Structures are given as C-alpha cells and as structure tokens.
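Visitor: return atomic coordinates for the entry below.
(chains A, B, C and D)
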Number of protein chains: 2
Amino acid sequence: MERILDNINKIVALTEEEQQLFLSKTTTLHFKAKTIILQAGMVCKDSYFVNKGLLRSFSISDNIVEHIMSFACEGWWISDLYSLLSNNPGTLFIEVMEDAEVIVLSKENQEQLYHDIPKLERFFRILTENYLVANQERLMDNLSLTAEERFEKFNKKYPTLFQRVPQKQIASYISVTPEFFSKMKSRILRK
Amino acid sequence: MERILDNINKIVALTEEEQQLFLSKTTTLHFKAKTIILQAGMVCKDSYFVNKGLLRSFSISDNIVEHIMSFACEGWWISDLYSLLSNNPGTLFIEVMEDAEVIVLSKENQEQLYHDIPKLERFFRILTENYLVANQERLMDNLSLTAEERFEKFNKKYPTLFQRVPQKQIASYISVTPEFFSKMKSRILRK
DNA sequence: CGTCTATTTGAATGTACTCAAAAGCGGTGG
DNA sequence: CCACCGCTTTTGAGTACATTCAAATAGACG
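Guide: You can find the predicted model right below:
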C-alpha cells in the first residue's frame, strides 16, 4: 500500500512511528478519469501523490491551446507549486486522465508535519528543487532540441506513458501539433 | 546608495536598525566587464544584487551553444538558484557584461539573517517564487509565441537592455540565431 | 590603422504548421 | 450486439517561420 512511504524513505529515512504520523495527516481519494481536481484561477492548497492512475497539469493560453506542464503517474507528485507556495491564484489545471487513487496532503498538514518531523522539511525542499531543475532543463530543451529529441527525452522521463496517453497529449507536452507528431512518429518507425 | 534596501522594503518593511544589520552582512564588490563570477560546475554560495552595471547568467549545451537564462541590471538579483538551494554543482555561468557594482550576500549570512530578521525569510521566499513563475512563464512563451512576440516580451521585461547589450545576446535570450534576429529587427523597423 | 568580432544581406534549405479530408477507434444507445 | 457519433490519428499539399552557410559591411578596441 505504501508507495508514498517508499518515495519519502528514498530521500529521508522515517521511523515506523513517523510513517504512521505522516499517513495520519494525509487523505486518500479516488477520482474518475476526466475529473478536474484543480482549476486555474483557484489557489492551490494541496500536494497530490499518485498511487494509481494518471494525472496531468496544463495551462491554457489565450488561444485556447492547452500546454501540458507535466504528467504524474504512479509514484509521482503533482501540484501547482507556484500557487501552493505563494497562496496566489494559479495558472494550472490538474486533471485525472485515468481513474486514480491519489494521496492528498494539504499545505496546512504539511506545515504541521515540519514541526513534528523536521526531516520532512528536507524532503519537500528537495522535491521543490527537483521541480526547479526540471523546469529549467525543460526550458533549455525547448530552446535547443528538435521535436524528435524532445520526444526521446519524454520517453526517458516517462517510460510507460507512450502506450498510455493519447498521442495528442504527448504532442502537446513536447510542443508540436498532433499532425506533425503523427508524421514524426511514422518517420521514426520507418528506421 | 541603498537601492537594495528599497528593493527589500517594497516587499517587507525593515526598521532602520534592521536595515543596518542587513547591510552589515553584505559585501559590495566591483567587477570589470567580462569577469566570470560563477563557473558552471561550481557550487553557488551567494546571491548577487546589482547596484550598477549589467550581468547575465547562461548555460552551455554540448554544442558550444550559449543559452542565456537571464540578465540582471540595476535593481535585479541574480544567482544559480538551483545550485544555491541544493548545494549541488550548478549548470550556469554568471558573467559581468558591463563594469558592475554588486552586493554579495552569502548563503551563510542569509540564513543568519533569517534568525535575526524573520521578515527576510518572507522576502527571499517571494524572490524564489518569482523566479519560479518567471521560469514557468518563459517555458510557456517559448512553446507558444513567435520570435517576434518573444522579443516584445523581452523589451517589456528589460526596457533598457535593447540599447545596452550586443544583439547577439538578445538573440540568444529569445532563442533565435543572430542572423534571423537581424532580419526580424529590420522587418519590424520597416513598419 | 589593422584586427577581430558583430551585424547585415542573400540564397537555399529544413523543420514544423495550417488546412482539409479520409480512416480508425471507442463508447453509447437502441 | 450492432450502428452510429464523436474524437483521435493519419495522410497530403501548400506555406511560414526560422536556420545554415557564405560573403560583404560596419563597429569597437588596442
């Protein structure tokens, strides 16, 4: 059951007791596919850990074009970090793509936990840093790589996703049109 | 002299005493143009506030292509935030582009200051958040805007820089070749 | 003044996009 | 269980934005 404890213990070792305390501060929820669990414009109050299923975060620019910020499958965290940290209304939607079991940690409880288990502060700090680096790297990638190279990186980052998500969405993530993605794909396969 | 105090007071109000304490923990340094004050691969230990002059941060990808992450002119902070926060070797260079007067705040002193002036924790938290949003926005911009639109955004963000920096560098920031930038510029001027 | 680098200009090319139409696929209701 | 609807994917033709390479020109600095 406790994929989330593994996730944490990889970075900071919790005692049995701390693990129980941690879990007691979380809620496990089940969502059906297509549920929007965070609306852009709302202040984000929670972090989500995916136990099962698949979520995505995306923003919508003027034109009605969706841009996928990130996917989160089993073992990933997802949130609108900017909104969560700043208490300001965010720009991201978070949507469930496959029926999901999600562990919800409210910001409030997270901060309480820092008190009781200071190690967790380290854990979440590292989580935030990783987000920062990933973001920075993705920025650089979009500046310097071709669509094909970006697709390769996507496959490395999310090895299981190519089979699981509509390729329209992958196209959005690597930032090409669905049409172009389709052509690129068949070009790659022909090799 | 105290541009940096203005910068802080815009977000959290410091008493006269706190201001003096803050300044006592900083060092003011003068650098000549072309000095590299942070090497990629090093662990970044400081935050820099620009009093005068102009700096830039950039990374170098395999191909010897420079990508400019950010500029910092009078009143801006600059650092390799990832490296600073994580204590890991960073990927960014920071270079002085015009002779500069820079206020250096070491991470160590920054943390001491959190103790004595808790308000500063709030200030730096907001600084980090802004960095995060800016990064996220720039990512989205590179995905959805044309070179011309990115150039417009650059001009809004750094109103004085178009006159000050070699246009090669602006081209790098908005992520086009110098040749294309030149053509785009004359196209814009012809309107 | 000469050298080195930055900028401009031009031609050819490539990568990715738009628009349009056809084919495939999945779910729902009869 | 099949038929139909809506959405995703494929394919093609034409186009646009941006790149590469090459060469000429302009500027900056010692």
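
Visitor: in chain A, which spans are strands?
Guide: A:27-31, A:36-38, A:46-61, A:65-72, A:77-78, A:93-106 (DSSP state E).

Visitor: now do the first one: which elements does it pack against?
Guide: Meaning strand A:27-31. Applying 3 or more CB pairs under 8 Å, 6 or more residues apart in numbering or on different chains; DSSP states H and E, one finds that strand A:27-31 makes contact with strand A:93-106. C-betas here are computed from N, CA, C, even on glycine.

Visitor: what lines up beside the strand it packs on in the sheet?
Guide: In the sheet containing strand A:93-106, its partner strands are strand A:27-31 (antiparallel), strand A:36-38 (antiparallel), strand A:46-61 (antiparallel), by DSSP bridges.

Visitor: highest average neighbour count across those?
Guide: Between the strands paired with strand A:93-106, strand A:46-61 has the highest mean count of neighbours, a mean of 20, where neighbours are mean count of other CB atoms under 10 Å in any protein chain shown.

Visitor: how far off centre is it?
Guide: Taking the mean of its C-alpha atoms, strand A:46-61 sits 5 Å from the chain's own mean (CA atoms, centre = their mean, to the nearest Å).

Visitor: got the residues of chain A near chain B?
Guide: Proximity of chain A to chain B is assessed by CB under 8 Å from any CB of the partner chain, with A:59, A:61, A:63, A:65, A:67, A:69, A:81-82, A:85-86, A:91, A:125-126, A:129, A:132-133, A:135-136, A:138-140, A:142-144, A:175 identified as the residues in range.

Visitor: quick one, what contacts A:W77?
Guide: When contacts are counted by CB atoms under 8 Å, 6 or more residues apart in numbering or on different chains, A:W77 is found next to A:N7, A:S47, A:Y48, A:F49, A:V50, A:L127.

Visitor: what residue is smack in the middle of chain A?
Guide: Geometric centre of chain A, nearest residue: A:I78, 3.4 Å, by CA atoms, centre = their mean.

Visitor: what is the least confident helix or strand in chain A?
Guide: The helix or strand of chain A with the poorest confidence is helix A:119-144; it has a mean of 87 (mean pLDDT, DSSP states H and E).

Visitor: can you list the strands paired with strand A:93-106 in a markdown table and add mean pLDDT and distance to DNA strand C?
Guide: As requested, these are arranged in a markdown table below (pLDDT from 0 to 100; distance: least, CB to the nearest atom of the strand, whole Å):
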| stretch | mean pLDDT | distance to DNA strand C |
| --- | --- | --- |
| strand A:27-31 | 95 | 16 |
| strand A:36-38 | 94 | 18 |
| strand A:46-61 | 93 | 12 |
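
Visitor: and the ones you listed: which comes nearest B:V12?
Guide: Taking CB to CB, strand A:46-61 is the member of the strands paired with strand A:93-106 nearest to B:V12, at 26.3 Å.

Visitor: touching DNA strand D at all, that closest one?
Guide: No - residues of strand A:46-61 are not located near DNA strand D by CB under 7 Å from any atom of the strand, the shortest gap being 12.7 Å.

Visitor: just send the strands of chain A back as a markdown table, with distance to B:F181 too.
Guide: Formatted as a markdown table, those follow (distance: least, CB to CB, whole Å):
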| stretch | distance to B:F181 |
| --- | --- |
| strand A:27-31 | 47 |
| strand A:36-38 | 38 |
| strand A:46-61 | 24 |
| strand A:65-72 | 25 |
| strand A:77-78 | 37 |
| strand A:93-106 | 34 |
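
Visitor: for B:K156, which of those is the nearest?
Guide: When these are compared for distance to B:K156 using CB to CB, the nearest one is strand A:46-61, at 16.7 Å.

Visitor: any idea of the angle that closest one forms with helix B:119-144?
Guide: In this structure, strand A:46-61 runs at an angle of 40 degrees to helix B:119-144, with axes from the mean of the first three to the mean of the last three CA atoms, to 10 degrees as the basis.

Visitor: kindly calculate the angle that strand A:46-61 makes with strand A:65-72.
Guide: With the same axes, to 10 degrees as the basis, strand A:46-61 and strand A:65-72 are set at 160 degrees to each other.

Visitor: that older thread, the least confident helix or strand of chain A near DNA strand C at all?
Guide: No - contact of helix A:119-144 with DNA strand C is not found when judged by CB under 7 Å from any atom of the strand; the minimum separation is 10.1 Å.

Visitor: which strands and helices sit next to that helix?
Guide: Identification of packing neighbours for helix A:119-144 by 3+ CB pairs under 8 Å, 6+ apart yields helix A:81-86, helix A:107-116, helix A:147-157, strand B:46-61, strand B:65-72, helix B:81-86, helix B:119-144.

Visitor: can we see that at 6 Å?
Guide: Of the remaining helices and strands, those touching helix A:119-144 by 3 or more CB pairs under 6 Å, 6 or more residues apart in numbering or on different chains; DSSP states H and E are helix A:107-116, helix B:81-86, helix B:119-144.

Visitor: now tabulate these in TSV and tack on mean neighbour count and distance to A:T26.
Guide: Below are the helices and strands packed on helix A:119-144 laid out as TSV (neighbours: other CB atoms under 10 Å in any protein chain shown; distance: least, CB to CB, whole Å):
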stretch	mean neighbour count	distance to A:T26
helix A:107-116	14	7
helix B:81-86	21	25
helix B:119-144	18	24
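
Visitor: out of these, which is closest to B:V96?
Guide: Taking CB to CB as the criterion, helix B:81-86 is the member of those that comes nearest to B:V96, at 18.4 Å.

Visitor: I would like the residues contacting that closest one, please.
Guide: Contacts with helix B:81-86, where a contact means CB atoms under 6 Å, 6 or more residues apart in numbering or on different chains, come from A:E129, A:L132, A:V133, B:V43, B:C44, B:G90, B:Y131.

Visitor: equivalent analysis for stretch A:140-159, please.
Guide: Taking contacts as CB under 6 Å, 6+ apart, the residues outside stretch A:140-159 that touch it are A:F71, A:I174, A:V176, A:M184, B:S61, B:H67, B:N142, B:S175.
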